[in-house]
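K.L.:
Make a model of this:
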Amino acid sequence: MLPVGVAARERIGPGGTDIQLFAQEAAVVARAVGTRRREFAAVRGCARQALAEIGVAAVPLLPGDHGAPQWPPGVVGSMTHCGGYCAAAVARSSEFRGIGIDAEPNWPLPPGVLAQIASPAEVLQLPTLRAERPDVCWDTLLFCVKESVFKLWFPLRLCWLGFLDVTVHLDLIQGSFSIDFLPSAPGATDRQLHRMSGRWSRCDGFLLSTAIV
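P.N.:
Residues are numbered from 1 along each chain as shown. Below you'll find the predicted structure:
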């Protein structure tokens, strides 16, 4: 799902108790519940393995003011975790401008959520997709794709992108997606972002998406 030059690591199943956090990282989750602390540690374990693959030493990976991880200088990356799964992807900023990844359980969205995150054009895609691949919860995949796009977008633009600021076109055959940005979306005039490439997959009960510039 990721091009050459991007290093990624994933972990399936419970974990995190074997990961040694830096003191600064441990302080971030000192008051969190056990599940949150384990997920926080497990995804940073993935990130450190991925960083090592591109020759970057382990450093504290702290969340910024809006929760996005702060990567070492010269690195772009993204993290994701949900119940029983976590992953991280990193690359040199000299080769890639941005990375966004997301994972979600392959379950339907709760009632009412689709209307908040999907445009009418996106909703129209879903019946055909469901008929072709009933093993995929397409409404959740739509959410997953938008999350990966937003994770790429925010570090580059330092502003929020609304769910309805983008229209997702899912490709059933290629396992890819493309994005149209509303003219009013913040940063929509950045032509390089329009060259974003996206991939999606279903694996082991999870939906995965990646967005790359």
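
K.L.:
can we go C-alpha only for contacts and neighbour counts from here?
P.N.:
OK.

K.L.:
What is the neighbour count of Leu61?
P.N.:
The number of residues packed near Leu61 is 18, by other C-alpha atoms under 10 Å.

K.L.:
let me fix that: Gly77
P.N.:
Residues contacting Gly77 under the criterion other C-alpha under 10 Å number 31.

K.L.:
need the contact list for it.
P.N.:
By C-alpha atoms under 8 Å, 6 or more residues apart in numbering, the contact set of Gly77 is 71, 88-91, 98-100.

K.L.:
ok, now with 7 Å
P.N.:
Each residue near Gly77 by C-alpha atoms under 7 Å, 6 or more residues apart in numbering is listed here: 71, 89-91, 98-99.

K.L.:
what do you get for Gly100?
P.N.:
Gly100 makes contact with 78, 148-149, 151-152, 210-212 under the criterion C-alpha under 7 Å, 6+ apart.

K.L.:
Could you do Phe22 as well?
P.N.:
With contact set as C-alpha under 7 Å, 6+ apart, Phe22 has these partners: Pro60.

K.L.:
So it versus His81, what's the distance?
P.N.:
To His81, Phe22 is 19 Å away according to C-alpha to C-alpha, to the nearest Å.

K.L.:
and what of Ala52?
P.N.:
20 Å.

K.L.:
Among the two, which residue is more densely surrounded?
P.N.:
His81 (20 against 13).

K.L.:
The residue nearest to Ala188 when sequence neighbours are not counted bridge partners, please.
P.N.:
For Ala188, ignoring the flanking residues on the chain, the nearest one in space by C-alpha to C-alpha, 6 or more residues apart in numbering is Phe181 at 6.1 Å. As for beta bridges, Phe181 partners with Val166 under DSSP bridges.

K.L.:
measure Phe181 to Ala118 for me?
P.N.:
Separation of Phe181 from Ala118 (C-alpha to C-alpha): 13 Å.

K.L.:
Neighbour count: these two, which is higher?
P.N.:
Ala118 (21 against 18).

K.L.:
hang on, isn't that one packed against Val166?
P.N.:
No - assessed by C-alpha atoms under 7 Å, Ala118 is found out of contact with Val166, at 9.0 Å.

K.L.:
Okay, and the residue in the chain sticking out farthest from the centre sits in which element?
P.N.:
Outermost residue of the chain with respect to the C-alpha centroid, by C-alpha atoms, centre = their mean, is Ala131; its distance is 26.3 Å. According to DSSP states H and E, Ala131 maps onto helix 120-132.
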